[in-house]
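Enquirer: coords below, sequence missing:
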């Protein structure tokens with residue numbers, strides 16, 4: 001009897017271990033290797049609604065299935081986000097069940113007319129963003145004053161690096177968000193190349209706007225692969241299949257977002273943010289269509305495993 005009991009216990013242990021490894025293996029092979037667990041929304045998409053009723057809008061965004069957001073309503077002079085103090089706005093996001101991960105602003109406003117870096121303004125910007133609790137402060141755009149020359153891009157890179165050094169001390173980072181003009185040739189180089197060569201990767205990285213890269217003739221998958229680890233966030237927006245090549249909801253255009261997202265996940269992208277600059281329908285509906293598509297491809301791939 002004792003021998004039989006021993007065999008049964010051993011058999012049970014082997015079976016239990018087998019089931020445990022099978023579970024771990026199946027979990028590791030799930031589509032999380034291809035798609036992230038969740039997605040965010042760049043609130044610039046629904047900017048009018050945010051300016052009208054931010055509390056209602058944030059709850060609607062969460063109800064759609066978004067897990068995190070990117071702010072686009074920071075005012076340096078007033079130190080507010082959509083008219084609210086950093087603490088108030090953070091509380092609004094928290095109560096909606098949304099994590100505030102990134103915030104769009106601009107480093108150019110930290111440079112005076114001579115191009116000198118204003119440390120007092122930078123300190124205020126950093127402190128405000130530390131209080132709201134973001135992971136990354138994002139430089140959203142630069143003007144023609146800086147985008148037309150090698151020296152201009154280097155000046156922006158220098159300002160971003162200084163801001164990044166200050167942000168690092170507060171526990172968050174800085175990203176540069178591209179449009180299409182960064183890829184225009186400047187002599188034998190271009191703005192994006194200048195930025196990659198002059199932004200200190202330990203301090204400043206990139207938020208790749210996939211649409212604008214595509215608009216400039218640059219394949220997002222190729223860019224992400226060429227610069228592994230440099231893109232910490234992606235803006236997901238699609239491109240219409242017509243002469244205008246305008247903005248479309250994710251999954252309703254010509255861009256291969258299955259490949260873009262999968263490549264991003266393998267190369268250090270942390271946040272996947274839907275953004276649509278302009279929409280032919282209600283922006284809230286556009287935001288819903290994009291997240292519904294992203295959840296659909298996620299579910300379809302799980303079903304095919």
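Expert: Looks like it came in fine. Everything numeric here is computed off the predicted structure, so don't read it as measured data.
Enquirer: Wait, a helix at residue 289?
Expert: Yes: counting by DSSP: H, G, I helix; E, B strand; the rest coil, residue 289 falls inside a helix.
Enquirer: Any idea how many residues pack against it?
Expert: Other residues near residue 289 number 20, with proximity taken as other CB atoms under 10 Å. All C-beta spots, glycine's among them, are computed from the backbone N, C-alpha and C.
Enquirer: and the gap between it and residue 201?
Expert: Here the criterion is CB to CB, to the nearest Å. By it, residue 289 lies 35 Å from residue 201.
Enquirer: mind checking how far residue 299 is from residue 292?
Expert: 10 Å.
Enquirer: Equivalent analysis for residue 301, please.
Expert: Between residue 301 and residue 292 the distance, using CB to CB, works out to 15 Å.
Enquirer: So residue 128 is in contact with residue 75, correct?
Expert: No: with contacts counted by CB atoms under 8 Å, residue 128 stays clear of residue 75, the gap being 9.2 Å.
Enquirer: more neighbours, these two?
Expert: Relative neighbour count places residue 128 above the other of residue 128 and residue 75, with 22 against 12, counting by other CB under 10 Å.
Enquirer: Check the secondary structure at that one for me.
Expert: Here residue 128 is helix, with the state taken from three-state DSSP.
Enquirer: Reduced to three states, what does the most centrally placed residue in the chain come out as?
Expert: The centroid of the chain falls nearest to residue 233 when counting by CA atoms, centre = their mean (3.1 Å). Local secondary structure at residue 233 is given as strand here, using three-state DSSP.
Enquirer: contacting residues around it?
Expert: With contacts taken as CB atoms under 8 Å, 6 or more residues apart in numbering, residue 233 has the following neighbours: 70, 101-102, 136, 138, 175, 207-208, 269-273.
Enquirer: so what pLDDT did it get?
Expert: Residue-level confidence at residue 233 comes out at 98, pLDDT.
Enquirer: For it, list each beta-bridge partner.
Expert: Under DSSP bridges, the beta-bridge partners of residue 233 are residue 207, residue 271.
Enquirer: do the same with residue 175
Expert: What pairs with residue 175, by the bridge criterion (DSSP bridges), is residue 138, residue 205.
Enquirer: Which of the helices or strands spans residue 69?
Expert: strand 68-71 (DSSP states H and E).
Enquirer: which residues sit against that strand?
Expert: In this structure, residues lying in contact with strand 68-71 by CB under 8 Å, 6+ apart are 38-44, 58, 61, 81-82, 89, 93, 98-104, 132, 134, 138, 233, 271, 273, 275.
Enquirer: go on, stretch 290-305?
Expert: Contacts made with stretch 290-305 from outside it, assessed by CB under 8 Å, 6+ apart, are listed as 29-31, 34-35, 39, 41, 64-66, 236, 249-252, 257-258, 261, 274, 276.
Enquirer: do stretch 193-206 as well
Expert: 150, 153-154, 156-158, 160-161, 163-165, 167-168, 173-178, 182, 186, 227, 229-232.
Enquirer: Counting neighbours, show which residues of the helix or strand containing residue 297 come out buried.
Expert: Taking DSSP H and E as the definition, one finds residue 297 inside helix 283-303. Neighbour counts over helix 283-303 (16 or more other CB atoms under 10 Å) mark 283-284, 286-291, 293-294, 297-298, 301 as buried.
Enquirer: min pLDDT across these, which one?
Expert: residue 301 (73).
Enquirer: How is this protein divided into domains?
Expert: The record assigns the chain these domain ranges, following automatic domain parsing: 1-31, 34-303.
Enquirer: Which of these has the lowest mean pLDDT?
Expert: That would be domain 1-31, which, of all the domains of the chain, carries the lowest mean pLDDT at a mean of 43.
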